[in-house]
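Undergrad: sequence below, structure please.
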Amino acid sequence: MPEARYRIGIDVGGTFTDFVLADLNSATLRFHKEPSVPKDPSASVEAGIAAMLSRHAMQPREVELIVHGTTIGLNAIIQRRGARMAMVVSKGNRDLLELARLRLPSSYDFTEPREVPLVPRDLMFEVSARMRSNGSILVPLDPTEIEALAERLRAEKVEAVAILLLNSYRDASLEVELGTALRARLPGVLVSESGLIWPEVREYERGLVAGLNAYIHPLMTSYFTKLKNRLDGLGVTAPVYITANNGGSLSLETARARPIDTVLSGPASGVVASTRLGQANSQTKLITFDMGGTSADISVCQSGEPEFTTATFVGDFPLIMPVVNVGAIGAGGGSIVWVDKQGLLKIGPLSAGADPGPVCYGRGGTEATITDCYVILGILDPTTFLGGRMQLDTAAATRALDGIAERLGLSGANRAMAAAEAALRVASAKMGTEITKLLATAGVDPREFALVAYGGAGPTQANLLAAEAGLTSVIVPPAPGTFCALGAILADVRRDYIRTIRRLIGPAAGSDDGWADIVAAIEGLEKEARAWVAREGEIVGEHEMLVSFSLRYQGQAYELAVHIAPSLRDGLSAKHVCDLFHAEHERLYGFRDLAVPVETATARLGVVGKVPPVELPQAAPGQPLRQHSRPLWHGGHQISAAVFQRTELGAGALIRGPAIVEQLDTTTFILPGWQARADRLGALHLTREAAA
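TA: Presented below is the predicted three-dimensional model:
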């Protein structure tokens, strides 16, 4: 009998830490939730793994891989509780973070305050060292300045230093020389050089990447050390990988050195799992919908793979590194329902959180939430919530929503239900509008997309949202509440590289064609990437290189991303790249200009190290047994909905709405006129009955 082999995916949330255990020999998945410990998230990780080892009679040595997603770095940035940090800049650039991009926070409110800079001005230090725009040294480092700088940093008792010298995206050697000198003089102080972390033009954004990396580095290093010590205490020696912003994963060593690569990794894992589920069903056009306690996030996938952006925010700060394109579109289950001064019904952005939580939790909450609406409408059963471990107070939720109804001017015996249904319509309308805008911007038809719903409240709201947004299909994974943890163990190892290289290319460039320099830059990135992936551990097998360029017509201010398919890499020419750019420009803007030279701004390379895949388990066939029916309030009147248990749904099972499907981590609501069919993996596919 072969030795058992397991992988564990972990997603640390604010309320619960989710675990997915993959048994590689039997191709089965097991799920576990452990209350989170905000003061020390590694404690909940240790408790959860210990519980699984015991429950499933596993030996620690049988765990071959742990992939862990965390929001520790993100929370530290948002809450401003990172390291005491200084930044060193070229002379004349001390106000870089204060000036930022000179944009108002709001175009409609001149009184809205600007964001507080990451580094206060009294911890911004200047040195005379400077690079020219071509990468040559204009002013070398002054040893006297270095000594004086080190003394001032020591006196300020800083924990981390970010270095941002002008034009160092062209050559980081000056920053490296300064960083080496400071490390020698300031033992124990973390030094982060911008030219090594992310060598892209635009000083402000590059400085933020280096600054954020330094800001969270001590905290993340401390957490990773605690995590490793706790795992060692359990006897688990499996390598630990950390999920990354780009939907991949990184070895613990890489994550220690570059924690900035992990700050937005949580939502990315859910998108990875969604695309894997879509591929299994030959569904490549997806809208992922992750609705938790405080917000709802979506991502649009048009080709069966996660889509990326280099224009996102971490708290108040722009991030120019590639991240899976996930955006917040609306409320979560704990979002507060309220009425403004004009008598309009509003949802969020304030949330009841986990404590006190919705009114129905009975923990002292007094303001109605989306979850309270689900309860009084009959969508959630107050006696079976969380498998019956938590009883919900329907009467308290009704009183809270009766207050909303009164402020709306509603009357009648069922006015609380009317207010609750109105709140869900407002929430769906808000989310549906955002989805419609996103799809319209991309120029695609919403009817071609399936909504993948996960998170604790995602499957409950999904059918309402799909009906509002004109979507024709919803997919609910077998275990929506732990879906991000599943995405962690489905991810390959991945890292992104960049070079800023401005050259004219193509036929219109004439004798100024700089394609040879572009080719040399890509070859240099490939060399770096191969060396890195070779160090990422024995679990990594073959790897592939993904090349893209940021291009524009000469004189334009912004670029378009042009991706080069792996099949086109051999024999790639400047003309071929220009043809791809012309086609993309015409697709987006309706024209191409063959007489103007094409200019490269950046060359990008992503290296993907393949990890042996985890097989998704097959569901046994079988029709569900109808448990019972219960009344629901829907469409302004009471209806009867059949209730089913998710554990009893086999492959091919068919349910017609109105219906409720209950499981430990969520409840799926199926509208009248819709039906749900379970596929071979146990995922539910909701479609309109006429379409089906």
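Undergrad: what is the burial count for the closest residue to Pro480 other than its chain neighbours?
TA: Nearest non-adjacent residue to Pro480, counting by C-beta to C-beta, 6 or more residues apart in numbering: Tyr454, 3.9 Å away. Any C-beta I mention is one placed from the backbone N, CA and C, and that applies to glycine too. For Tyr454, the neighbour count with other C-beta atoms under 10 Å is 30.
Undergrad: from memory Tyr454 sits against Leu486, does it?
TA: No: judged on C-beta atoms under 8 Å, Tyr454 makes no contact with Leu486 at a distance of 9.2 Å.
Undergrad: run through the bridge partners of the residue nearest to Pro480.
TA: Beta-bridge pairing of Tyr454 under DSSP bridges involves Asp290.
Undergrad: and it, what pLDDT?
TA: If you check Tyr454, the pLDDT there is 94.
Undergrad: who's in contact with it?
TA: Counting by C-beta atoms under 8 Å, 6 or more residues apart in numbering, Tyr454 makes contact with Gly270, Ala273, Ser274, Thr288, Phe289, Asp290, Val476, Pro477, Pro480, Gly481, Phe483, Cys484.
Undergrad: list only buried entries from those.
TA: Using 16 or more other C-beta atoms under 10 Å as the burial test, the contacts of Tyr454 include Gly270, Ala273, Ser274, Thr288, Phe289, Asp290, Val476, Pro477, Pro480, Gly481, Phe483, Cys484 as buried.
Undergrad: output the longest helix belonging to this structure.
TA: helix 203-234 (DSSP state H).
Undergrad: residues of that one that come out buried?
TA: For helix 203-234, by 16+ other C-beta under 10 Å, it's 203-220, 223-224, 226-227, 230-231.
Undergrad: could I get the contacts of Tyr454 as TSV with distance to Ile518?
TA: TSV is the format used below for the contacts of Tyr454 (distance: C-beta to C-beta, whole Å):
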residue	distance to Ile518
Gly270	35
Ala273	36
Ser274	34
Thr288	34
Phe289	39
Asp290	38
Val476	46
Pro477	42
Pro480	44
Gly481	46
Phe483	40
Cys484	38
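Undergrad: between the residues you listed, which is nearest His56?
TA: Gly481 (19.2 Å; C-beta to C-beta).
Undergrad: contacting residues for the closest one?
TA: Asp18, Phe31, Lys33, Tyr454, Gly455, Gly456, Leu664, Asp665, Thr666.
Undergrad: now do the phi/psi pair for it.
TA: Main-chain dihedrals, Gly481, degrees, to the nearest 10: phi -70, psi -20.
Undergrad: name the nearest residue to it, ignoring sequence neighbours.
TA: Leaving aside its chain neighbours, Gly481 sits nearest to Asp665 (2.8 Å; criterion: C-beta to C-beta, 6+ apart).
Undergrad: now for that neighbour: which residues touch it?
TA: Neighbours of Asp665 in contact, by C-beta under 8 Å, 6+ apart: Phe31, Lys33, Leu386, Gly456, Ala479, Pro480, Gly481, Thr482.
Undergrad: give the contact list for the residue nearest to the spatial centre of the chain.
TA: Residue closest to the average C-alpha location in the chain (C-alpha atoms, centre = their mean): Pro267, at 2.8 Å. Going by C-beta under 8 Å, 6+ apart, Pro267 touches Asp290, Asp297, Ser299, Val324, Val326, Cys484.
Undergrad: helix, strand, or coil at His585?
TA: The three-state assignment at His585 reads helix, by DSSP: H, G, I helix; E, B strand; the rest coil.
Undergrad: ok, it touching Phe591?
TA: Yes: if you go by C-beta under 8 Å, His585 and Phe591 touch, sitting 7.4 Å apart.
Undergrad: between those two, which is the more surrounded one?
TA: The residue with more neighbours, out of His585 and Phe591, is His585; 20 against 8, by other C-beta under 10 Å.
Undergrad: just give the nearest non-adjacent residue to that one, would you?
TA: Arg592 (5.6 Å).
Undergrad: please apply the same query to Leu118.
TA: With sequence-adjacent residues excluded and distances taken as C-beta to C-beta, 6+ apart, Leu118 is closest to Gly211, at 5.1 Å.
Undergrad: these two touch, right, that neighbour and Met87?
TA: Yes: using C-beta under 8 Å, Gly211 is in contact with Met87, at 5.9 Å.
Undergrad: what do those two both touch?
TA: Leu97, Val119, Ala162, Leu164.
Undergrad: tell me the mean pLDDT for the one helix or strand the third one maps to?
TA: If I follow you right, that is Ala162. Using DSSP states H and E, Ala162 sits in strand 160-164. For strand 160-164, mean pLDDT is 97.
Undergrad: that strand: how far from the chain's middle?
TA: 26 Å (C-alpha atoms, centre = their mean, to the nearest Å).
Undergrad: what does stretch 661-680 give?
TA: Taking C-alpha atoms, centre = their mean, one finds stretch 661-680 lying 26 Å from the centre of the chain it belongs to.
Undergrad: how about that stretch, which residues are buried there?
TA: 661-671, 674-680.
Undergrad: after the helix-or-strand element of the chain with minimal mean pLDDT, next one along is what?
TA: When the helices and strands of the chain are scored by mean pLDDT, DSSP states H and E, strand 327-331 comes last with a mean of 78. Next along the chain after strand 327-331, taking DSSP H and E as the criterion, comes strand 335-339.
Undergrad: angle of the next helix or strand after that following strand against strand 327-331?
TA: Note on strand 335-339: by DSSP H and E, the next helix or strand toward the C-terminus is strand 345-351. Calculated by axes from the mean of the first three to the mean of the last three C-alpha atoms, to 10 degrees, strand 345-351 forms an angle of 120 degrees with strand 327-331.
Undergrad: quick one: low-confidence parts of the protein?
TA: 1-4, 14-15, 354, 624-627, 691-692 (pLDDT under 70).
Undergrad: can you give me the helices for the stretch 251-400 of the chain?
TA: With DSSP state H, counting those that start in this stretch, the ranges of helices along the stretch 251-400 of the chain come out as 252-257, 265-280, 370-377, 394-408.
Undergrad: packing partners of the shortest one?
TA: Helices and strands in packing contact with helix 252-257 are listed as helix 203-234, strand 240-243; criterion 3 or more C-beta pairs under 8 Å, 6 or more residues apart in numbering; DSSP states H and E.
Undergrad: what about 10 Å?
TA: Packed against helix 252-257 by the contact rule (3 or more C-beta pairs under 10 Å, 6 or more residues apart in numbering; DSSP states H and E) you find strand 63-69, helix 203-234, strand 240-243, strand 249-251.
Undergrad: I'd like the distance between the residue nearest to the centre of the chain and Gly13.
TA: Separation of Pro267 from Gly13 (C-beta to C-beta, to the nearest Å) stands at 11 Å.
Undergrad: what touches both of the two?
TA: Residues touching both Pro267 and Gly13 (C-beta atoms under 10 Å, 6 or more residues apart in numbering): Gly69, Thr71, Cys484.
Undergrad: can you lay out these as JSON lines showing distance to Leu319?
TA: Shown next, in JSON lines, are the shared contacts of Pro267 and Gly13 (distance: C-beta to C-beta, whole Å):
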{"residue": "Gly69", "distance to Leu319": "17"}
{"residue": "Thr71", "distance to Leu319": "15"}
{"residue": "Cys484", "distance to Leu319": "20"}
